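Could you look at this predicted model? Sequence included:
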2 protein chains.
Amino acid sequence: MLTIRPATPADDDSLWQIMEPIIRAGETYDFPRDTTRAAALAAWLAPGFQCFVADDGQRLLGTYVLHPNRQGGGSHVANCGYMTAADATGQGVARAMCAHSLDTARAQGFRAMQFNFVIASNHRAVKLWTGMGFETVGRLPGAFLHPVHGYTDALVMFQRL
Amino acid sequence: MLTIRPATPADDDSLWQIMEPIIRAGETYDFPRDTTRAAALAAWLAPGFQCFVADDGQRLLGTYVLHPNRQGGGSHVANCGYMTAADATGQGVARAMCAHSLDTARAQGFRAMQFNFVIASNHRAVKLWTGMGFETVGRLPGAFLHPVHGYTDALVMFQRL
């Protein structure tokens, strides 16, 4: 049974276990690949960010953050980032976190959710977000230097809530 | 004769004179309209941002900032923000600053420049950036709450360097 709950300081080790291989691979996020644990946690738990974890009762299978994408006149649009544990992919963890984030954002009064930088070669994510109701509203040509594929497009995805 | 040069700490008062009416109006940037002088200057002069000013020899007519739009695999794309003094619009100040920023970004090895949030109702800016070679690569529906026009689209604009 997967429970999605707010992260606590006791989750820091588990968060880093999820984040480190994703950051080191450098294929799906723009974190520098040599980002330290402290810098990664500081970014993921930044002021104004709400951090949630997907907990199966024994360990964390994923984490996501939710925050306003912009401030002032742009603060009604939410942004989220999701990370699934390397050995827990393909089990619906990201889907469950995304559904939870959409519900949470809606309940908090956000009017839309925007992803700023979905790497086009991350087909699994693009397919999942599209299935969850996101539209691709922008394509940034060659905006991401992928360690394997080289310069790769990034997508802007958007959904009204 | 308009000179574009790096900002110095002595420019802070002039920067705020340019920024304050733009922030208070809230029509073109997502700064909260009640942003303080200290917060505005901290944002405009954030670590990693290069700040330039357009100086006519007597006073500053505009300012812009240049920085990587993202980090890691996205750090080859620059982002800029431009502000022209309220009483100096229509004199080519923004155009001169944009041309300077494109040259500067190119010289520093950036491969592209991206604007993340051009308010669609800011026709003057959209027309100018288009004329300067930017393509609209994304449209964010209703992503900006304009104080006069209400929910307004924002554009993502992009140019390879």
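Thanks, I have the structure now. Numbering: from 1, shown residues only, chains lettered A, B, ... in the order given.

so A:Val126, which of the three states?
helix (DSSP: H, G, I helix; E, B strand; the rest coil).

Near it, how many other residues are there?
Per other C-beta atoms under 10 Å in any protein chain shown, the neighbour tally for A:Val126 reads 18. To be clear about C-beta, it is placed using only N, CA and C from the backbone, and glycine gets the same treatment.

again, but for the one 5 residues further on
Close neighbours of A:Gly131, defined as other C-beta under 10 Å, add up to 10.

Helix, strand, or coil at A:Leu66?
strand.

no no, A:Arg95
Under three-state DSSP, A:Arg95 comes out as helix.

Which stretches in chain A count as strands?
For chain A, applying DSSP state E gives strands covering A:3-6, A:50-55, A:60-68, A:77-84, A:112-119, A:135-146, A:150-160.

For chain B, find the nearest of the ones you listed.
Among the strands of chain A, the nearest to chain B by C-beta to the nearest C-beta is strand A:135-146 (2.1 Å).

Show me how far the closest one is from its chain's centre.
16 Å (C-alpha atoms, centre = their mean, to the nearest Å).

go on, stretch A:28-37?
Counting by C-alpha atoms, centre = their mean, stretch A:28-37 comes out at 14 Å from the chain centroid.

Tell me if that stretch is near chain B.
Yes. Residues of stretch A:28-37 are located near chain B by C-beta under 8 Å from any C-beta of the partner chain, namely A:29-33, A:35.

Any chance of JSON lines for those residues, columns neighbour count?
Formatted as JSON lines, these follow (neighbours: other C-beta atoms under 10 Å in any protein chain shown):
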{"residue": "A:Tyr29", "neighbour count": "25"}
{"residue": "A:Asp30", "neighbour count": "22"}
{"residue": "A:Phe31", "neighbour count": "21"}
{"residue": "A:Pro32", "neighbour count": "15"}
{"residue": "A:Arg33", "neighbour count": "13"}
{"residue": "A:Thr35", "neighbour count": "20"}
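
And these, which is closest to A:Leu61?
A:Tyr29 (17.9 Å; C-beta to C-beta).

distance of the closest one from A:Phe52?
Using C-beta to C-beta, to the nearest Å, A:Tyr29 is found at 17 Å from A:Phe52.

and what of A:Phe110?
15 Å.

Turn the strands of chain A into JSON lines, including mean neighbour count and distance to chain B.
Formatted as JSON lines, the strands of chain A follow (neighbours: other C-beta atoms under 10 Å in any protein chain shown; distance: least, C-beta to the nearest C-beta, whole Å):
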{"stretch": "strand A:3-6", "mean neighbour count": "13", "distance to chain B": "26"}
{"stretch": "strand A:50-55", "mean neighbour count": "21", "distance to chain B": "19"}
{"stretch": "strand A:60-68", "mean neighbour count": "22", "distance to chain B": "9"}
{"stretch": "strand A:77-84", "mean neighbour count": "22", "distance to chain B": "5"}
{"stretch": "strand A:112-119", "mean neighbour count": "22", "distance to chain B": "6"}
{"stretch": "strand A:135-146", "mean neighbour count": "20", "distance to chain B": "2"}
{"stretch": "strand A:150-160", "mean neighbour count": "19", "distance to chain B": "5"}
